[in-house]
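**Q** Got a predicted structure here, sequence first:
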Number of protein chains: 2
Amino acid sequence: MSNLADQIEQYLKRILEEAREGYVVLQRGILAEEFSCVPSQINYVLSTRFTVERGYLVESRRGGGGYLRIVRLSSMADRQLRQVMRELIGDQLSQERAYHLIGRLLDESLLTLREAEIIRCVFAQKNLSGKTTQPDELRALLLKKLLVILCREDLE
Amino acid sequence: MSNLADQIEQYLKRILEEAREGYVVLQRGILAEEFSCVPSQINYVLSTRFTVERGYLVESRRGGGGYLRIVRLSSMADRQLRQVMRELIGDQLSQERAYHLIGRLLDESLLTLREAEIIRCVFAQKNLSGKTTQPDELRALLLKKLLVILCREDLE
DNA sequence: GATTTTATGACCTTCTTTGACCTTATAACT
DNA sequence: AGTTATAAGGTCAAAGAAGGTCATAAAATC
């Protein structure tokens, strides 16, 4: 199993975990060499797995002394997280973006795996299409309401 | 009683039995090769014998590093939920009936309180109206799918 | 003999990997 | 200062590596 992209993803997440500042800085070329792959493979991993929706920020710089900086957008207070989430959700939410956000909530331990599966099921395009007029609006509305529930302290 | 499909079925059920996590992961191409058949034969077996009705769930991923994942649904919860499903869900489900049903699932401890709140939120008439054409059909469809998730053995 | 179940193969979609070519920043020379 | 060389990272399209679908042929069952 486990392809290269997944391995690189795991590696980056692990060193991010260990980095107490919440970010890591590294060089694309060197990382590529460590995994014996072409440099653009790194970009593929970053653009598919380290997106804002999933809670990461990637900065970079070219030229001599260039680097990649991957920032973990986490460890915020629930209040802030909810605020950020609201902004990310907006008025429209596709299935794909919704799933990424759900993954993010999972990472933040605001959701259990079962809860995540429940919400994913509800948001699945194949389940919504046909019966809804504006699935993207519905997802956006529902996820915002769900955020409130998830932050309630009286539900354990 | 010894056609290919049955042999493959037996094999999968055996390794699924041995798997303590409630699921197995494998590759379609490799399995097909082991049984000297075309890959789509595997899909035939999965779609005729490893259905939700029979207590299984199949997930997959394409592309490099792709795989099949066969999940066994817990038979105990499965039976109870199936019962509930038959009794209480038709093709239409009002908010009121849905809420009542969710209450019953809560009573049987098949749902946590938080999960119940999530589902109630999704099923609330005030959230669905406007964006859906047939809220009652949508609830019925979603609840059936959700029950399957609640039976999954791999979500703890 | 007709119907249902099983097996196969051609073609499709999705995700990953690779490589050629492009842009930007710094350093080194005139 | 202006130009050229070098050292990064970025983009994009094509090839590769899975799994999915569907119609049809073959086999089994009734």
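**A** Cool, the structure landed.

**Q** For the helix or strand bottoming out on mean pLDDT in chain A, give me every contacting residue.
**A** Lowest by mean pLDDT, DSSP states H and E among the helices and strands of chain A is helix A:78-89, with a mean of 79. With CB atoms under 8 Å, 6 or more residues apart in numbering or on different chains as the contact definition, helix A:78-89 has outside contacts at A:52-53, A:73, A:76, A:97, A:101, A:104-105, A:108, A:110, A:140, A:143-144, A:147-148, A:151. (Each C-beta comes from the backbone N, C-alpha and C, glycine too.)

**Q** rerun at 7 Å
**A** Contact with helix A:78-89 is made by A:53, A:101, A:108, A:140, A:143-144, A:147, A:151, as judged by CB atoms under 7 Å, 6 or more residues apart in numbering or on different chains.

**Q** where along chain A do the helices fall?
**A** Using DSSP state H, the helices of chain A run over A:4-18, A:28-34, A:39-49, A:78-89, A:95-107, A:113-123, A:125-128, A:135-150.

**Q** circling back to that earlier point, switch the contacts of helix A:78-89 over to a markdown table; also include pLDDT.
**A** As requested, the contacts of helix A:78-89 are arranged in a markdown table below (pLDDT from 0 to 100):
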| residue | pLDDT |
| --- | --- |
| A:53 | 89 |
| A:101 | 92 |
| A:108 | 86 |
| A:140 | 95 |
| A:143 | 95 |
| A:144 | 94 |
| A:147 | 92 |
| A:151 | 85 |
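
**Q** Give me the buried entries from those residues.
**A** Listed as buried from these are A:53, A:101, A:108, A:140, A:143-144, A:147; burial here means 16 or more other CB atoms under 10 Å in any protein chain shown.

**Q** Show the end-to-end separation of stretch A:109-129, please.
**A** End-to-end distance for stretch A:109-129: 29 Å, by CA to CA, to the nearest Å.

**Q** which of the residues in that stretch are buried?
**A** Those would be A:110-111, A:114-120, A:122-124, A:127-128, for stretch A:109-129 by 16+ other CB under 10 Å.

**Q** Does DNA strand D have contacts with it?
**A** No - shown here: stretch A:109-129 not in contact with DNA strand D (CB under 7 Å from any atom of the strand), separated by at least 10.1 Å.

**Q** measure the most centrally placed residue in chain A to residue A:96 for me?
**A** Nearest to the geometric centre of chain A sits residue A:54, at 0.8 Å (CA atoms, centre = their mean). Taking CB to CB, to the nearest Å as the measure, residue A:54 falls 11 Å from residue A:96.

**Q** if I look at the two, which residues touch both of them?
**A** Counting by CB under 7 Å, 6+ apart, residue A:54 and residue A:96 have no common neighbour.

**Q** Now for residue A:113: which residues touch it?
**A** Counted by CB under 7 Å, 6+ apart, residue A:113 has contacts A:106, B:155.

**Q** now residue A:113: how far from residue B:59?
**A** Separation of residue A:113 from residue B:59 (CB to CB): 14 Å.

**Q** Please enumerate the shared neighbours of these two.
**A** Shared contacts of residue A:113 and residue B:59, defined by CB under 7 Å, 6+ apart, are absent.

**Q** For chain A, which residues are neighbours of chain B?
**A** A:1-3, A:6, A:113-115, A:117-119, A:121-122, A:127, A:131-134, A:137-138, A:141-142, A:145-146, A:149, A:155 (CB under 7 Å from any CB of the partner chain).

**Q** Tell me which residue of chain A is positioned farthest from its centroid.
**A** residue A:64 (30.2 Å).

**Q** so what's residue A:67 closest to, chain neighbours aside?
**A** residue A:25 (5.3 Å; CB to CB, 6 or more residues apart in numbering or on different chains).

**Q** Just to check, that neighbour is in contact with residue A:66?
**A** No - between residue A:25 and residue A:66 there is no contact under CB atoms under 7 Å: 10.7 Å.

**Q** Check the offset of the least confident helix or strand of chain A from the chain's centre.
**A** 13 Å (CA atoms, centre = their mean, to the nearest Å).

**Q** Now that helix: buried residues?
**A** Across helix A:78-89, burial judged by 16+ other CB under 10 Å covers A:81-82, A:85, A:88-89.

**Q** Of these, which ones also sit close to DNA strand C?
**A** Checking the buried residues of helix A:78-89 against DNA strand C by CB under 7 Å from any atom of the strand, not one of them is in range.

**Q** What residues does chain A have near DNA strand C?
**A** A:3-6, A:37-38, A:40-41, A:44, A:48, A:61-66.

**Q** Try it again at 6 Å.
**A** A:3-5, A:37-38, A:40-41, A:44, A:48, A:61-65 (CB under 6 Å from any atom of the strand).

**Q** Of the residues you listed, which pair is most distant in space?
**A** Largest separation among these by CB to CB: A:3 and A:64, giving 32.4 Å.
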